[in-house]
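In: requesting a structural model of the entry that follows:
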Amino acid sequence: MAHEKGTFLAYDDIWLLDGMRTPFIEYNTALGLVSPIDLGIKTARTVFQRTGISPADVGSVIGGSVAQTSFDAFFTARHIGLYSGVPVDRPALLVQRVCGTGIETISQAGDAITLGKVSLALCAGAESMSRNPIAAFTHRGGFRMGQVEFKDMLWEALHDTAPDVNMGETAEKVAVTHKITREDADRFAETSFERALAAQKSGFLAGEIVPLVSESFELAGYKPRGIRLPKGVDKLADDTHIRPSSYEVLAKIRPAFGGVQTGGNSSGIVDGAAAALVSSGAYARAHGIRPLARVAAVSAVGVPPEIMSIGPVPAIRRLLEGTGLKLDQIDRFEINEAFAAQIIGVERELQIDRAKLNVNGGAIAIGHPLAATGVRLAITVARQLRHSKLRYGIASACIGGGQGIALLLENSAEAA
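Out: Numbers count the residues shown, from 1 in each chain. So this is what the prediction gives:
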């Protein structure tokens, strides 16, 4: 239902069946020349293979991508669907809610199923940070003397022209409000890296990653697509931004915005994709599928653009208000670590127990390929619930421009 504090919708019988992601790879390295569309195709194909679900059952493809990083970017959702085997007569939708895009794809799937439009949807978020263009928007009519203007979209897109602040500066404002020090930020980043390293070593992260190799994606009657890794790279199976990062090392990195944020305690810039299947309960039961989690509810809110970093706070509060749950009933939180000060501010304002927050590391360590992140957050928190035999988890993100989004998931074993 609509609400003056944002939007909220509880779902009755909507299920996250399964999901996978690529390894998140440091930008301008092994995936630097690979289209995000092909990363999305690979994850979608793998989810179908792993679940045994036929692509022919998909009623709609809901794709997400933030940056226009290929000349065929308009067709991202459509091509992910077609090249993963979804029949040509099924529609595709491309959505964009900046850093909340991945969660938005799942929300759109839940809405479509609730409205009776489809019983099964393919959700995919794909992003190439490497391929963000060096662009000009004012030269179609020609070049005027002294007025040639090409800019780096990867950097310029971080600047919100309404409040005239960079996204990192919104985290710095939160740092001031919540008295977050440089040491606080670096200590949090150290923990993120430590947890991600442990999750990598234990094999937990591998459970959601599809390894990448050079391969072609054929589609009868159409041009083939595919992934081509650089010479000498045979396979990519692990996130590459994860590395030992002690406080002592992080403390030596210079500030990026004149405050507590640095390149070491901000989200990693990486390329990657993630895909998931969302269905009605009737579909899951008819096909004997044990879902990964129940999609219980979703909320989205607006906040002042200059403090966009705090977006998860009202989004999570709206989610709890709508469902009647208390914060202490939530067993795991996966909240995107856009910046250390941002995530610490959210943690402090909501009074989240850090033992429940990003327990396998977050975007500071793993990286943040914009549209893929929300799908990853949902998959990761659902897997955590199953792994630890817990009930409720929330995936949430702050959103550039001043928004927050939050998704409530329930362990399918507990929801049965």
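In: please, where are all the helices along the stretch 151-300 of the chain?
Out: Here the stretch 151-300 of the chain has its helices, by DSSP state H, counting those that start in this stretch, at 153-156, 167-177, 182-202, 247-250, 281-286.
In: out of those helices, which gets nearest to Gln108?
Out: Set against Gln108 and scored by Cβ to Cβ, the helices of the stretch 151-300 of the chain come closest in helix 281-286, at 16.9 Å. For the C-beta atoms, the positions are set from N, CA and C on the backbone; glycine is no exception.
In: quick one, what contacts Val58?
Out: Val58 is in contact with Gly81, Val86, Pro87, Arg90, Val118, Leu120, Ala121, Leu122, Leu277, counting by Cβ atoms under 8 Å, 6 or more residues apart in numbering.
In: quick one: the last one and Ala251, what's the gap?
Out: When you say that, I think you mean Leu277. When distance is defined by Cβ to Cβ, to the nearest Å, Leu277 is 43 Å away from Ala251.
In: out of these two, which sits in the more crowded spot?
Out: A count of neighbours by other Cβ atoms under 10 Å puts Leu277 above the other of Leu277 and Ala251, at 29 against 17.
In: beta-bridge partners for that one, please?
Out: Leu277 has these beta-bridge partners by DSSP bridges: Asp18, Leu122.
In: which ones are touching Pro163?
Out: Contacts of Pro163 by Cβ under 8 Å, 6+ apart are Pro304, Pro305, Glu306.
In: sorry, back to before: among the contacts of Val58, which one has the most neighbours?
Out: Leu122 (32 neighbours).
In: quick one: residues contacting that one.
Out: Taking Cβ under 8 Å, 6+ apart as the test, what Leu122 contacts is 44, 47, 55, 58, 60-62, 80-81, 84, 86, 275-277.
In: what's the answer for Gly64, then?
Out: 77, 94-97, 101-102, 104-105, 123-126, 371, 374-375.
In: next one: it from Ala124, what distance?
Out: For Gly64, the distance to Ala124 - Cβ to Cβ - is 7 Å.
In: go on, Gln403?
Out: Counting by Cβ to Cβ, the gap from Gln403 to Ala124 is 21 Å.
In: show me which of the two is the more surrounded one.
Out: Using other Cβ under 10 Å as the criterion, Gln403 and Ala124 rank with Ala124 on top: 35 against 23.
In: can you pull the contacts of the more buried one?
Out: So Ala124 contacts 40, 43-44, 61-64, 77, 80, 105, 273-276, 375 (Cβ under 8 Å, 6+ apart).
In: for the host helix or strand of it, give the mean pLDDT please.
Out: If you go by DSSP states H and E, Ala124 is part of strand 120-127. Strand 120-127 carries an average pLDDT of 98.
In: centre of the chain to it, how far?
Out: 11 Å (Cα atoms, centre = their mean, to the nearest Å).
In: C-alpha coordinates for that strand, CSV please?
Out: Only the C-alpha atoms of strand 120-127 are listed here, as CSV (Å, rounded to 0.1, in the frame of the first residue of the first chain):
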residue,chain,number,x,y,z
LEU,A,120,7.7,-17.4,-12.5
ALA,A,121,10.1,-14.5,-13.2
LEU,A,122,13.7,-14.3,-14.0
CYS,A,123,15.5,-11.5,-12.2
ALA,A,124,19.0,-10.4,-13.2
GLY,A,125,21.3,-7.5,-12.3
ALA,A,126,24.4,-6.9,-14.3
GLU,A,127,27.0,-4.2,-14.2
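In: just checking, next helix/strand downstream of it?
Out: strand 134-135.
In: show me what that following strand is packed up against.
Out: The helices and strands touching strand 134-135, judged by 3 or more Cβ pairs under 8 Å, 6 or more residues apart in numbering; DSSP states H and E, are strand 151-152.
In: check what pLDDT the closest residue to Gln147 other than its chain neighbours gets.
Out: Spatial nearest neighbour of Gln147, chain neighbours left out: Thr138 (7.8 Å); criterion: Cβ to Cβ, 6 or more residues apart in numbering. For Thr138, the pLDDT comes out at 89.
In: tell me the secondary structure at Ile308.
Out: Residue 308: Met, not Ile. Reduced to three states with DSSP: H, G, I helix; E, B strand; the rest coil, the structure at Met308 is helix.
In: mind checking how far it is from Arg376?
Out: Met308 is 20 Å from Arg376, by Cβ to Cβ.
In: ok, Ala67 next?
Out: 17 Å.
In: so where is the stretch 151-300 of the chain shaky, pLDDT-wise?
Out: Scanning the stretch 151-300 of the chain for pLDDT under 70 picks out no residues.
In: now do the stretch 301-416 of the chain
Out: 416.
In: and the closest residue to Ala121 other than its chain neighbours, which helix or strand is it part of?
Out: Distance criterion Cβ to Cβ, 6+ apart; nearest residue to Ala121, sequence neighbours excluded, is Ala109 at 3.8 Å. Per DSSP H and E: Ala109 is located in helix 101-114.
In: one step back: can you check the pLDDT for the residue nearest to Ala121?
Out: 98.
In: next, count neighbours for it.
Out: Using other Cβ under 10 Å: Ala109 sits among 28 other residues.
In: give me the distance between it and Thr323.
Out: 19 Å.
In: roughly how far does the residue nearest to Asp12 when sequence neighbours are not counted sit from Ala296?
Out: Distances taken as Cβ to Cβ, 6+ apart put Thr114 closest to Asp12, at 7.5 Å, once the chain neighbours are dropped. According to Cβ to Cβ, Thr114 stands 12 Å off from Ala296.
In: now do Ser119
Out: 18 Å.
In: may I see the buried residues of stretch 104-115?
Out: Glu104, Thr105, Ile106, Ser107, Gln108, Ala109, Gly110, Asp111, Ala112, Ile113 (16 or more other Cβ atoms under 10 Å).
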